[in-house]
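> Let's see this in three dimensions:
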Amino acid sequence: MPLSYLEFREKLYPQGIFSISHARLYFPNFNSDNLLFWQKKGYILRLRKGWYCFNEFAKVPEFSFLVANNLYDPSYISHQEALLFYGLIPEHIVDSTSITTKKTETFTVLGKIYKYYSIHPRFFFGFVLKNMTVNGWTRSFMIADREKAILDLLYLFNFYKTEEDLAEIRFNGSVLEKDIDWQKMDEYLGRFNIKILEKKVRLIRKIHQL
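Numbers count the residues shown, from 1 in each chain. Here you go, the predicted model:
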């Protein structure tokens with residue numbers, strides 16, 4: 001008996017985003033031609049080769065976070081996109097920005113650019129799980145905490161060097177004062193053990209009188 005979309009959806013919907021391999025965990029004889037048919041029906045969307053999502057998930061504000069985590073693993077959302085998420089910077093960020101221990105990579109998915117910046121495995125820390133809910137189902141995505149998002153930005157982008165450069169980031173001073181755990185920041189800086197990074201943080205604190 002052919003597999004119905006409703007039967008497929010019942011098993012895979014809680015994941016939101018799925019691969020053909022995921023489908024075959026539930027349906028060992030799964031025919032991938034079903035995916036093309038369901039795409040034409042508008043039930044699912046193709047993200048990139050082998051990866052799909054249910055159409056409802058594309059309408060959720062945090063959808064791009066879920067996509068980012070799944071497209072390139074291991075990874076977590078960080079620097080500009082995470083800073084915007086926490087209200088630490090004012091600019092609207094068009095591209096998705098993540099950290100990975102794999103090679104630097106870029107994908108375009110449903111018109112959005114997903115950038116993954118490579119970092120040494122010993123710097124792959126400081127991320128948390130956040131929840132998103134779609135039609136009663138809860139999914140989690142990994143994103144840098146506030147302190148690590150700042151450090152990832154300063155570590156990866158060397159053109160932020162002087163006090164003038166750092167002022168151009170336009171950090172929200174009130175959020176820095178209210179929400180940043182400076183003790184945790186010092187602990188993270190100790191794990192990086194990079195003097196220039198410590199200097200940049202000192203300059204940020206000077207700029208915002210923290």
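> C-alpha coordinates for the longest helix along the chain, CSV please?
Looking across the chain with DSSP state H, the single longest helix is helix 195-207. Provided in CSV are the C-alpha atoms of helix 195-207 (Å, rounded to 0.1, in the frame of the first residue of the first chain):
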residue,chain,number,x,y,z
LYS,A,195,45.8,39.0,24.4
ILE,A,196,44.4,41.0,21.4
LEU,A,197,40.9,39.6,22.2
GLU,A,198,41.3,40.7,25.8
LYS,A,199,42.3,44.1,24.6
LYS,A,200,39.2,44.4,22.4
VAL,A,201,36.9,43.6,25.3
ARG,A,202,38.6,46.2,27.4
LEU,A,203,38.1,48.8,24.7
ILE,A,204,34.4,47.9,24.4
ARG,A,205,34.0,48.3,28.2
LYS,A,206,35.8,51.7,27.9
ILE,A,207,33.6,52.9,25.1
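> which other residues reach it?
Contacts to helix 195-207, defined as Cβ atoms under 8 Å, 6 or more residues apart in numbering, come from residues 150-151, 154-155, 160-163, 166-167, 171, 176, 182, 185, 189, 210. Placement of C-beta: from N, CA and C, glycine included.
> now the helix or strand containing residue 66: mean pLDDT?
Residue 66 is part of helix 63-71, with elements assigned from DSSP states H and E. Helix 63-71 carries an average pLDDT of 89.
> Could you give the separation of the helix or strand that comes right after that helix from the chain centroid?
Per DSSP H and E, the first helix or strand lying C-terminal to helix 63-71 is strand 75-77. Its chain's C-alpha centre and that of strand 75-77 lie 4 Å apart, by Cα atoms, centre = their mean, to the nearest Å.
> try stretch 60-74
6 Å.
> Pull up the distance across that stretch, start to finish.
End-to-end span of stretch 60-74 (Cα to Cα, to the nearest Å): 23 Å.
> How about residue 140: what's its closest non-neighbour residue?
residue 129 (4.5 Å; Cβ to Cβ, 6 or more residues apart in numbering).
> any idea which helix or strand carries that neighbour?
Residue 129 belongs to strand 127-134, assigned by DSSP H and E.
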